[in-house]
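K.L.:
Here's my sequence, what's the structure:
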Amino acid sequence: MANLVVHFEIHASDPQRLVDFYSELLGWKLTQWGDFPYWMIETGEGSIGNSAAQPGLGINGGLAPRQGPAPEPGAPINGCNIVVGVDDVDATYRRALELGGFEGVPPEDMQGVGRTAYLRDPDQNVFGIISPVLSDGTRAM
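P.N.:
Predicted coordinates:
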């Protein structure tokens, strides 16, 4: 397991708002860790931290209260960014907007990579989504 990314964190001004957003959008399970203001994020089967997982198939994360102001809309990314593999980039993008997210980079095909897009969650955190299936139904890889 040398040098694999095994955990990520999302910072939130209003944690419950982002718990609801990511639960509904991506089906992630977010559970408060004891009495602490911290939520463990389970991204699904195959993620590290899942008792049935095999190393290297995915990661889990956490959600923590933000310690300063939220990112300003249009500001450059000033931290790490996560990209989530989804079945349908266009449908996920539309659903994120319905749930209170904001446009980032609209869905586009990237030959040799897949269909990608970037969004901002309701607290202005940027995240990406990707599928190996291009808009014409062919696989990029």
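
K.L.:
C-alpha from now on. contacts and neighbour counts both.
P.N.:
Noted.

K.L.:
what about residue 123, neighbour count?
P.N.:
By the measure other Cα atoms under 10 Å, the count of residues near residue 123 is 23.

K.L.:
Distance-wise, check it relative to residue 79.
P.N.:
Computed as Cα to Cα, to the nearest Å, the residue 123 to residue 79 distance reads 14 Å.

K.L.:
how far is the longest helix anywhere in the chain from where the chain is centred?
P.N.:
Longest helix in the chain by number of residues (criterion: DSSP state H): helix 15-26. Put simply, helix 15-26 sits 10 Å off its chain's centre (Cα atoms, centre = their mean, to the nearest Å).

K.L.:
ok, then the element right after it?
P.N.:
Where DSSP states H and E defines the elements, the next helix or strand beyond helix 15-26 is strand 29-32.

K.L.:
who does the longest strand seen in the chain touch, helix- and strand-wise?
P.N.:
Longest strand of the chain, by residue count under DSSP state E: strand 102-110. The contact analysis (3 or more Cα pairs under 8 Å, 6 or more residues apart in numbering; DSSP states H and E) places strand 102-110 against helix 89-98, strand 114-120.

K.L.:
Now the longest one: buried residues?
P.N.:
Judged by neighbour count using 16 or more other Cα atoms under 10 Å, the buried positions of helix 89-98 are 89, 90, 92, 93, 96, 97.
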